[in-house]
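Asks: I'll drop the sequence and a predicted model, then ask my questions.
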Amino acid sequence: HTHTHTPDNLETMAPALRAKLNYLLTWRLPWGNQVTQALCFVLATVVVAAMARNGVIGTTTADARGTLSAWLGPFAQMIGLQFAASFFLIILVLKLTAWVATRLLLRWQGWLTNPRHPLLAVWGLSVRLLGGWKPSLWAYQEALPRLPVPELEASCKRYLESVKPLLTPEQFEATTAKVNAFARSERAADLQDALVARRRWCHNWLDELWEGAAYLQSRNSLVYSNYCALQPEHMPDVSQALRASYLVYGHALVLQLVRDGKYPTTLLRGAIPMCVHGFNFGFWTTRIANKVQDDMAVTNKSSHFVVIHKGRLYELPAIDKDGKPLPVRWLHKQLDNLISIHADTSVDETLPVASLTAIDRDDFANVRLQLSEDNVKVFRRIDTALFVLSLDSTNPTDRASECRSLLVGDGTNRWLDKYTIVVFPDARFGINVEHTPTDGTIIGHIIEHFCVNEPGRGPGGKHPDMPYPDEWQEADDLPLVDLDLCALPFQPTDEFQAQVRQAYMAWQSIADNVEVAALTTPVAKGHAKKLKISPDAMFQLAFQLAYFRVAGEFTLTYESATTRLFRRGRTETIRPVTEASCAFVRAMMDASTPKEERLELLRAASKVHGRNVKLAMAGQGFDRHLFGLRLANGLMGNGPLDVFSDHAYQMPFKLSTTQVAGRQAPEWGGDCSYPGQGGAFVNPLPDGYGIVYMIAESRCAYIHVTANKSCVKTDAQAFSNAISAALTEIAALE
């Protein structure tokens, strides 16, 4: 189940061998599964009919001797080869026609550039009819278009536009000269041709390259790449063990639905198909520390999960031998028993092994290479688990401390290599997610699906397989598992204990440096509508205004855009800092600027931002394109290029932002009373901010800001306050 990645030593290989290996790694059958199945079906039918006609299979009942030919021969003669071939040829043509029609329809992006296009309704209806009115998870996957490779000249032009507000005139002139020289060079043309050729044979020219370079090759602590998500506001009146059992059952049910292809597919605006490739990984993956580049293992064939409670690890089943989730009532008793047994024990009595997952990846790889045989077996059971469930011992005091706890834990209860469900003593839950296999939209969809089906929660109502305790039937209870038999005890050798203690100190240094601020603002979609701008632009411009106020300058800003309109698409970069956004911020900082002029500049900046968002979603962003060109240059054994060593390209994203989508699950319908609360991540830059925001319709918005305490230039709470003030000022321009 190990995922394949481009090797790191490609730079040292001979060009011919490197090219051949890259071809083998990236070649894919360009046809969809449905077309392939139809061709195989027709071929098998023709072969059987031909065998019957030529006597390989008996053709008369008189020659039959109790074998298959007793009925197959007359049947083949009765229908005839031509009829059989014609019948299945019709099926093939219909399948091909539907597949080609769907693919052609999905290539049209008029809905993105013009939401009021007169053909939009007809287009959406056609897409839904071809995919089925209740499409399965994979209904549209094979027909999604491939991610395009943008034109080189267009990417260079947009790149220069993005860095101009952040450079001095002299710096911009120097950067422009380097970019133009690169765009006109033969090497740039060769690199562009390499990406175009890769696109021709890959489902997605970017995904494997990005996964390796952006995640698996990073040697930083996973604290700086994982993210957390908080539960919705509503709190059911249940115990920690019961809430945990609901979560375990709900996640096991999602896995079963994905395996069977019955999980609901993702449709943007209820009609536009999005890539569901991420559901091949979901929450059932493990990142395994290795030298230079980590591995990614898929564990969807497993049936167990790992529980962490007060530093102790246990292995429990989540799925029975028939592939079905174990009953909630059994899980509840098992977890309640585990919590009761350790009611009087302390976390200080255990070895904080989980802290190993928070250290430098090369250091962790060294530890794994030196493990004893017994400890290797324990790690293997953890690596192959579906997910980790952490039953915490302390409750967070507020939303900021809840985010911080989910991100870093206490050094014993966050296994950062795996998807970890965290349940606090008051039954509140959250998750910590390893970022490599999927992005937040996939995980958010899974969490929403659970929330709308959890008993007594959400508009989805009560799930029939997740009953209340008073509905349980004791006669159906299964025997409990002996906790002594399912414990995962590490062998405490002197060397291993020393490594863990050192890792715990490293974790503590990282955790103590993480600062989180939480903000709930009444400024939301309703205010953006009155201002006649997009909600996302309103928040991004507020971030720019707030940062300028606290830092006195503009800075390179990252915002993620989804590219899941394309097969195996993940994200593209939006750069919110533009000349229009800077003009708006300067107008807001100038007290003499009239309100009407500020509003005009606000709408102009929103328009530019909206254009950039659409370009990114349409696969025409330039950041991933430039990344691909730079990586291709290295893979082809070329020397460094000035355009990529230039100051403008090397500028870090001090502001890293992402908007969390809400109400993805179709069961939400029009009910807005049950929004999520977003999540958080830590910006790895010492002087950077990480911002996650979730706009809960017109009611409110949740914003979480992270920073590093060690940097005197950053202050998460002060920046959060500046964002709140900026949003209020922008809303006042109505």
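Replies: Yep, that arrived.

Asks: C-alpha coordinates for the helix or strand harbouring residue 504, CSV please?
Replies: Element membership for residue 504 (DSSP states H and E) is helix 494-512. Output of helix 494-512 as CSV, limited to C-alpha atoms (Å, rounded to 0.1, in the frame of the first residue of the first chain):
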residue,chain,number,x,y,z
ASP,A,494,18.1,2.5,28.0
GLU,A,495,18.8,3.8,24.4
PHE,A,496,15.1,4.0,23.6
GLN,A,497,14.3,5.8,26.8
ALA,A,498,17.1,8.4,26.2
GLN,A,499,15.8,9.0,22.7
VAL,A,500,12.2,9.5,23.9
ARG,A,501,13.3,11.9,26.7
GLN,A,502,15.3,13.9,24.2
ALA,A,503,12.3,14.0,21.8
TYR,A,504,10.0,15.1,24.6
MET,A,505,12.3,18.1,25.4
ALA,A,506,12.3,19.0,21.7
TRP,A,507,8.5,18.7,21.6
GLN,A,508,8.3,20.9,24.7
SER,A,509,10.4,23.6,23.1
ILE,A,510,8.2,23.6,20.0
ALA,A,511,4.9,23.5,21.9
ASP,A,512,5.9,26.3,24.3
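
Asks: what's next to it, contact-wise?
Replies: 221, 223, 351-353, 355-356, 358-360, 363-364, 367, 370-372, 375, 408-409, 411, 490, 709 (Cβ atoms under 8 Å, 6 or more residues apart in numbering). In this view, the C-beta of every residue, glycine as well, is placed from N, C-alpha and C.

Asks: one more time with 6 Å
Replies: Residues outside helix 494-512 that contact it (Cβ atoms under 6 Å, 6 or more residues apart in numbering): 221, 223, 351-353, 355-356, 358-359, 367, 408, 411.

Asks: if any of those residues are buried, put those into a ChimeraX selection.
Replies: Remark: buried members of those, expressed as a ChimeraX selection using 16 or more other Cβ atoms under 10 Å:
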select :221,223,351,352,353,355,356,358,359,367,408,411
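
Asks: what is the rounded mean pLDDT of the following helix or strand past the helix holding residue 504?
Replies: Toward the C-terminus, helix 494-512 is succeeded by strand 514-521 as the next helix or strand (DSSP H and E). If you average the pLDDT over strand 514-521, you get 96.

Asks: and what of stretch 714-722?
Replies: Here the average pLDDT along stretch 714-722 is 97.

Asks: which residues touch the residue lying closest to residue 563 once chain neighbours are set aside?
Replies: In this structure, residue 563 finds its nearest non-sequential neighbour in residue 569, 3.5 Å apart by Cβ to Cβ, 6 or more residues apart in numbering. Counting by Cβ under 6 Å, 6+ apart, residue 569 makes contact with 147, 275, 563.

Asks: can you do 8 Å?
Replies: Residue 569 is in contact with 147, 204, 207, 275, 562-563, 619, counting by Cβ under 8 Å, 6+ apart.

Asks: okay if I get those residues as JSON lines plus neighbour count?
Replies: Shown next, in JSON lines, are the contacts of residue 569 (neighbours: other Cβ atoms under 10 Å):
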{"residue": "147", "neighbour count": "24"}
{"residue": "204", "neighbour count": "23"}
{"residue": "207", "neighbour count": "19"}
{"residue": "275", "neighbour count": "25"}
{"residue": "562", "neighbour count": "19"}
{"residue": "563", "neighbour count": "26"}
{"residue": "619", "neighbour count": "21"}
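
Asks: understood, closing this out.
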